[in-house]
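Visitor: Please find the sequence and the predicted model below.
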Amino acid sequence: MTNVAFITGATSGFGRAAARRFAREGWALVLAGRRLERLEELARELEGTVPVHVAALDVRDAAAVRAVVDALPPAFRAVTTLVNNAGLALAPEPAPRVALEDWHTMIDTNVTGLVNVTHAVLPLLIETGAGASIVNIGSVAGEWPYPGSHVYGATKAFVKQFSLNLRCDLLKTGVRVTDIAPGAAETEFALVRTRGDRAASDAVYRGTTPLTAEDVADQIVYVATLPPHVAVNRLEIMAQRQAWSPFAVDRD
Ligand code: NDP
Ligand code: 8X3
């Protein structure tokens, strides 16, 4: 039977790269995201190779998520891997300068949205059983604090703990759960975080060698294609040229 990957945030970055990578493995694809024209463009690129179903979807809307899952055509219902990738950071400023609305948007997308999709797709994954996977895209920001991470890092800490807790509850189902925690990768992420400030987002990556979307997609496909008895619980990946900072100390 054909493997099926259900990918949220497939219009850009890791999600789009993962779609292309799964297509190379011959997987059928469910591609979700808000920008339908981008989904359709990706579908046109890939559907000569594999079956593709697109779904314009805002993951924050639980009813819409449920409707998309309920309306999956039969050929796409036997989901093998759910890639919970849709997410964003906003407001890299220090916490006291951030609008409450930005904090809510990150929580609504990265936490509530991920939970909405997981809850709706879980019965299909359990039906698939052994070999099925949930691959949640967390972040190094969920593990390591840094200035300007405030709610973003906290949402990714949720993703990590939710992933580990799900693993416990799904033990008897055969469904594996992985939290992939990338460090800085060059996608549209920084452009979104800086609200479209191209100069500021380019500066995030200037003079270094960040991860690429394809580097992360490789890891997503890697964990999803391991033998069914192998479960990667957490996978942290950074560019070689990124590491940790010393503690900050406030001095007189
Ligand atoms: P991009 O901005 O390139 O892609 C983000 C994707 O998320 C887009 O496809 C976007 O689609 C989708 N998305 C955002 N909000 C929603 C929503 N409400 N409903 C549905 N889809 C949504 O960034 P990345 O590829 O880098 O980010 C992917 C994931 O990786 C995110 O969870 C991010 O937090 C995480 N991450 C990124 C890192 C990086 O340095 N790039 C490092 C660590 C983790 P659309 O706008 O069309 O809806
Ligand atoms: C995104 C990576 O380092 O900007 O999650 O937090 S980082």
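Guide: In hand now; what should we look at? Keep in mind that what you see is a predicted model, and the values were worked out from it rather than measured. Ligands and ions are numbered 1, 2, ... in the order given.
Visitor: Report pLDDT for Thr225.
Guide: pLDDT recorded at Thr225 is 98.
Visitor: I am assuming it contacts Glu25, so please confirm or correct that.
Guide: Yes. Counting by C-beta atoms under 8 Å, Thr225 touches Glu25, with 6.6 Å between them. Just so you know, the C-beta spots here come from the backbone N, C-alpha and C atoms, and that holds for glycine as well.
Visitor: Quick check on those two: which one has the bigger neighbour count.
Guide: Thr225 (15 against 12; other C-beta atoms under 10 Å).
Visitor: got a list of what that one touches?
Guide: Applying C-beta atoms under 8 Å, 6 or more residues apart in numbering to Thr225 gives the contacts Glu25.
Visitor: Next to ligand 1 in this structure, residues from the stretch 51-200 of the chain, please.
Guide: Residues of the stretch 51-200 of the chain lying close to ligand 1 by C-beta under 6 Å from any ligand atom are 57-60, 85-89, 109, 113, 137, 139, 182, 184-185, 187-189, 192.
Visitor: now with 5 Å?
Guide: Counting by C-beta under 5 Å from any ligand atom, the residues of the stretch 51-200 of the chain close to ligand 1 are 58-60, 85-88, 109, 137, 139, 182, 184-185, 187-189, 192.
Visitor: Now do the contacts for Glu93.
Guide: By C-beta under 8 Å, 6+ apart, the residues touching Glu93 are Gly148.
Visitor: Relative to ligand 1, how far out is it?
Guide: Using C-beta to the nearest ligand atom, to the nearest Å, Glu93 is found at 17 Å from ligand 1.
Visitor: gap between that residue and Ala224?
Guide: 36 Å (C-beta to C-beta, to the nearest Å).
Visitor: and what of Asp218?
Guide: With distances taken as C-beta to C-beta, Asp218 is found 11 Å from Ala224.
Visitor: Looking at the two now, which is surrounded by more residues?
Guide: Using other C-beta under 10 Å as the criterion, Asp218 and Ala224 rank with Ala224 on top: 26 against 14.
Visitor: Could you check how far that one is from ligand 1?
Guide: To ligand 1, Ala224 is 16 Å away according to C-beta to the nearest ligand atom.
Visitor: Check Ser149 too.
Guide: In this view, Ser149 and ligand 1 are 11 Å apart by C-beta to the nearest ligand atom.
Visitor: do the same with Leu42
Guide: On the measure of C-beta to the nearest ligand atom, Leu42 and ligand 1 end up 10 Å apart.
Visitor: Likewise for Val50?
Guide: In terms of C-beta to the nearest ligand atom, Val50 sits 19 Å off from ligand 1.
Visitor: Going along the chain, name the strands of the stretch 51-200 of the chain.
Guide: Using DSSP state E, counting those that start in this stretch, the strands of the stretch 51-200 of the chain run over residues 52-56, 81-84, 133-137, 176-182, 185-186.
Visitor: helices or strands up against the longest one?
Guide: I take that to be strand 176-182. strand 133-137, helix 150-169, helix 213-224, strand 234-237 (3 or more C-beta pairs under 8 Å, 6 or more residues apart in numbering; DSSP states H and E).
Visitor: just the angle between the third one and strand 176-182, please?
Guide: Between the axis of helix 213-224 and that of strand 176-182 there is an angle of 160 degrees, by axes from the mean of the first three to the mean of the last three C-alpha atoms, to 10 degrees.
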